[in-house]
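Trainee: can you look at this prediction? I've put the sequence above it.
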Amino acid sequence: MTESPSSARARATVGAIVLAGGRSSRFGRDKLAELVHGRPLLELAIEAVRTVTDDIVLVIASDGGRLAPRNVRVVRDERRFEGPLVALGAGLAASTADRIIVVAGDMPSLVPAVLRRMADVLDDGHIDAVFLETPDRPALLPMVLRRTAASPVAERLIAAGMRRLGALPDALGTSLLAAATWRLDDPEGGTLRDVDTEGDLA
C-alpha cells in the first residue's frame, strides 16, 4: 500500500529523541545493552518510535561508545551526566522536526499508538507539550514537545541551573492525554514502564 502525499508530509513533521546517556548506576552495568526477549533494551525503545517516525535522534554521553541502529542520528551530550534536561536540550538542538516524541532508552514496552495519540494532540496550536495522565501525577516520559517552543525554554532553564525534566512542564503550555483515552491502546500501561534495576527486567 502506497502512503499518500498528505500522510507522508504529516509523518515527516514528527521526530523522536531517545535519551540514552545515563550512568545506569542503580543497575550496576550498562542496562541498555541488556537483552529483553533476545534484543537489547535500547533497541526496543528505538523500534517503538520508528513505527511513528523515521527521524530519530539518539542522545548519548560524550564518551559513549554505543553503536546506533541503522538510520538513527547520534548526538553526543558534551555536558555528560548533568541530567536529562541537558541531554534533551542537546537532542532538541539537533532535530528539525515540528513535533518531537521524547522517550528514554530504558523503556521496553512503549506502545506506538499511544505515542501517535500524543503527537496528534499537538495539532492544537495552543499547546507546546503533551504528557500522559496517571493516577498520581503526569508522567514525564514519554512526552511530546513542539520543538520551536521547547528548545529555547530548555536552553533558558539549563542556563538557570535546572537539570530535571520536571522543570519543563511548568514552563510550557501543556496538555494531558487522559488515562481513559490512552489506555484504550495500552490497557496494561506498558508505555510508562522503565528499567532502573535488574528486578525491573522480570
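Mentor: Here it is on my side, so go on.

Trainee: which one's the longest helix in the protein?
Mentor: As assigned by DSSP state H, the longest helix anywhere in the chain is helix 147-159.

Trainee: which residues touch it?
Mentor: Contacting residues not belonging to helix 147-159 are listed as 15, 85-86, 88-89, 92-93, 95-100, 128-129, 167-168, 171-173 [C-beta atoms under 8 Å, 6 or more residues apart in numbering]. (Each C-beta comes from the backbone N, C-alpha and C, glycine too.)

Trainee: gap between it and the chain center?
Mentor: Here helix 147-159 is found 16 Å from its chain centre; the criterion is C-alpha atoms, centre = their mean, to the nearest Å.

Trainee: may I see the buried residues of that helix?
Mentor: For helix 147-159, a neighbour-count test (16 or more other C-beta atoms under 10 Å) marks Arg147, Ala149, Ala150, Ser151, Val153, Ala154, Leu157, Ile158 as buried.

Trainee: so which of those residues is the closest to Leu19?
Mentor: Ala154 (12.6 Å; C-beta to C-beta).

Trainee: how close does that closest one get to Ala160?
Mentor: 11 Å (C-beta to C-beta, to the nearest Å).

Trainee: same check on Ala179?
Mentor: Distance check for Ala179 against Ala160: by C-beta to C-beta, it reads 32 Å.

Trainee: more crowded one of the two?
Mentor: Set Ala179 next to Ala160 and count neighbours by other C-beta atoms under 10 Å: Ala179 wins out with 15 against 8.

Trainee: contacting residues for the more buried one?
Mentor: Contact analysis of Ala179 by C-beta under 8 Å, 6+ apart lists Leu132, Glu133, Thr134, Pro135.

Trainee: still on that earlier bit, among the contacts of helix 147-159, the buried ones, what's the ChimeraX command?
Mentor: A single ChimeraX command is used to select the members of those judged buried by 16+ other C-beta under 10 Å:
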select :15,85,86,88,89,92,95,97,98,99,100,128,129,167,168,171,172
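
Trainee: quick one: pLDDT of Ala10?
Mentor: Note on Ala10: pLDDT of 45.

Trainee: quick one: low-confidence residue ranges for the protein.
Mentor: 1-12, 22-29, 62-68, 79-81, 124-125, 197-202 (pLDDT under 70).

Trainee: please enumerate the helices of it.
Mentor: Using DSSP H, the helices of the chain run over 5-12, 41-50, 84-94, 112-121, 147-159, 179-182.
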